[in-house]
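In: got a structure for you, letters missing:
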């Protein structure tokens with residue numbers, strides 16, 4: 001532990017800018033994964049443990065598309081849409097059969113596919129690390145902000161995540177489709193009785209949640225190593241985010257992701273050996289103070 005190093009960082013504006021940017025990058029990727037995770041849980045009531053594997057698939061799909069075409073835009077589309085299609089098939093063929101089942105059964109199905117997808121990735125792409133590299137469009141001098149250095153790709157990633165967060169809020173809160181989705185989450189029987197195809201809603205929500213995980217993987221591929229099992233660590237952190245923000249709350253996922261991102265960034269300076277502990281400690285404190293999470297709905301009594 002080195003609190004003096006953390007104090008020195010806060011005393012330097014350039015250090016604050018650099019670490020805040022790093023925290024926002026971590027938070028942005030966590031939000032995309034956690035938003036899909038909490039959306040699926042909020043509507044379907046399923047804890048999708050395979051979500052980290054979807055993130056991994058998004059990175060590999062993006063890597064393959066980029067190597068084949070050299071287009072980063074095509075890589076992003078391949079990662080997001082490829083995982084959305086896979087998620088839809090996974091939901092229709094497997095997950096829909098365990099809705100309403102014991103939680104242990106759902107976890108066993110998800111855990112089985114974590115192992116299966118890890119092995120599939122090793123067979124298709126090999127067990128070694130892959131490196132996509134920063135696309136040519138973003139290979140430019142970094143932007144200087146108050147003495148801090150911010151790479152252009154970081155600005156793109158933060159901006160893209162902000163746009164996605166706004167789009168999710170607009171769709172869920174301001175549109176008729178969003179109202180139908182929220183109604184299906186609260187009372188699926190009544191929603192179905194009113195003529196809404198809840199099965200189609202479930203499939204669409206699972207596909208969108210999977211798309212967000214795949215998109216996160218595609219955006220992370222240029223700055224993270226692409227390797228089998230890469231989804232496990234972000235899955236754990238995403239669960240921390242959803243618990244802190246509130247299971248089922250997309251806005252809570254955003255708050256929780258930014259909080260964890262900043263904790264990881266600044267904690268690596270002052271408490272490099274206790275960063276993981278700080279995250280779990282923050283989760284424990286919030287659960288004690290507000291069991292439903294910062295923006296989660298209180299359970300009906």
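Out: Now that the structure is in, tell me what you want to look at. The structure presented is a predicted model; accordingly, all values stated were derived computationally and were not measured. Numbers count the residues shown, from 1 in each chain.

In: how close does residue 197 sit to residue 204?
Out: Using Cβ to Cβ, to the nearest Å, one gets 10 Å for the distance from residue 197 to residue 204. Quick note: C-beta positions are derived from backbone N, CA and C, even for glycine.

In: Name the residue in those two with the higher neighbour count.
Out: residue 204 (17 against 13; other Cβ atoms under 10 Å).

In: Secondary structure element holding that one?
Out: Assessed by DSSP states H and E, residue 204 sits inside helix 198-220.

In: If you count neighbours, what's buried in that helix?
Out: 198, 201-220 (16 or more other Cβ atoms under 10 Å).

In: how about the closest residue to residue 219 other than its chain neighbours, what does it touch?
Out: Using Cβ to Cβ, 6 or more residues apart in numbering and skipping the chain neighbours, the partner closest in space to residue 219 is residue 157 (5.6 Å). Taking Cβ atoms under 8 Å, 6 or more residues apart in numbering, we find residue 157 in contact with 25, 28, 29, 219, 223.

In: Switch those over to JSON lines; also include pLDDT, secondary structure and distance to residue 188.
Out: Formatted as JSON lines, these follow (pLDDT from 0 to 100; DSSP: H, G, I helix; E, B strand; the rest coil; distance: Cβ to Cβ, whole Å):
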{"residue": "25", "pLDDT": "93", "secondary structure": "helix", "distance to residue 188": "37"}
{"residue": "28", "pLDDT": "93", "secondary structure": "helix", "distance to residue 188": "32"}
{"residue": "29", "pLDDT": "92", "secondary structure": "helix", "distance to residue 188": "31"}
{"residue": "219", "pLDDT": "95", "secondary structure": "helix", "distance to residue 188": "32"}
{"residue": "223", "pLDDT": "88", "secondary structure": "coil", "distance to residue 188": "39"}
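
In: now that we have these, which one has the most neighbours?
Out: Neighbour max across the contacts of residue 157 (other Cβ under 10 Å) = residue 219, 28 neighbours.

In: contacting residues around that one?
Out: Counted by Cβ under 8 Å, 6+ apart, residue 219 has contacts 28, 29, 32, 76, 79, 157, 160.

In: Filter these down to the ones in helices?
Out: 28, 29, 32, 76, 79, 157, 160 (DSSP state H).

In: in the stretch 201-301 of the chain, which spans are helices?
Out: 231-245, 250-270, 275-289 (DSSP state H, counting those that start in this stretch).
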